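Colleague: Give me a 3D structure for the following:
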Amino acid sequence: QVQLVESGGGLVQAGGSLRLSCAASGGTLTRYAIAWFRQATGKDREFVARISRNDQTYYADSVKGRFTISRDNVKNLAYLQMNRLNPEDTAVYYCAADERYSGVRRATGSVYDYWGQGTQVTVSS
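Modeller: Residues are numbered from 1 along each chain as shown. From the prediction side, this is the model:
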């Protein structure tokens, strides 16, 4: 089964950018749709973005136009480019992999079988 490890989180000022990476091992990334979720302190986990096996993308309204999800199947990496960050984006960000479902509009956590440990993103005002 695939293991996922996120990296790239950190502290950034409002208006800044970060790129998160999700490294997959133990499996070929092409088998999976990849999503990013986030969870702020005291809040429920929230869907951010998904990229399907054929590179279709889907975003939460709160990040549309600011975040971009992508994948590099040769490197077995997925990315989340985050621009124009604001304090409301502060959260632990998780990548997740889905090998069962087709389509792109899959925003429910139960769809995903594999999860990384998360990386903290903090946006200061």
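
Colleague: for the chain, which residue is closest to the average position?
Modeller: Most central in the chain under Cα atoms, centre = their mean is residue 36, positioned 2.2 Å from the mean C-alpha point.

Colleague: where does that residue fall, phi/psi-wise?
Modeller: The phi/psi pair for residue 36 (degrees, to the nearest 10) reads phi -120, psi 140.

Colleague: residues contacting it?
Modeller: 20, 22, 48-50, 69, 80, 93-96 (Cβ atoms under 8 Å, 6 or more residues apart in numbering). All C-beta atoms are positioned from the backbone trio N, CA, C, and that covers glycine.

Colleague: would you list those residues in a markdown table and tack on pLDDT?
Modeller: Shown next, in a markdown table, are those (pLDDT from 0 to 100):
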| residue | pLDDT |
| --- | --- |
| 20 | 98 |
| 22 | 98 |
| 48 | 98 |
| 49 | 98 |
| 50 | 97 |
| 69 | 98 |
| 80 | 98 |
| 93 | 98 |
| 94 | 98 |
| 95 | 98 |
| 96 | 97 |
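
Colleague: Ranking by neighbours, what's the top pick from the residues you listed?
Modeller: Greatest neighbour count in these, by other Cβ atoms under 10 Å, goes to residue 95: 30 neighbours.

Colleague: Next, that one: phi, psi?
Modeller: phi -100, psi 150.

Colleague: Let me know the helix or strand that the spatially closest residue to it that is not a sequence neighbour is in.
Modeller: Using Cβ to Cβ, 6 or more residues apart in numbering and skipping the chain neighbours, the partner closest in space to residue 95 is residue 22 (3.4 Å). Per DSSP states H and E, residue 22 falls inside strand 18-25.

Colleague: Tell me the bridge partners for the residue nearest to the centre of the chain.
Modeller: Beta-bridge pairing for residue 36 (DSSP bridges): residue 49, residue 95.

Colleague: Look up how far residue 2 lies from it.
Modeller: 16 Å (Cβ to Cβ, to the nearest Å).

Colleague: picking that back up, can you give me the pLDDT of the residue nearest to the centre of the chain?
Modeller: For residue 36, the model assigns a pLDDT of 98.

Colleague: separation between it and residue 4?
Modeller: 11 Å.

Colleague: again with residue 35
Modeller: As judged by Cβ to Cβ, residue 35 and residue 4 stand 11 Å apart.
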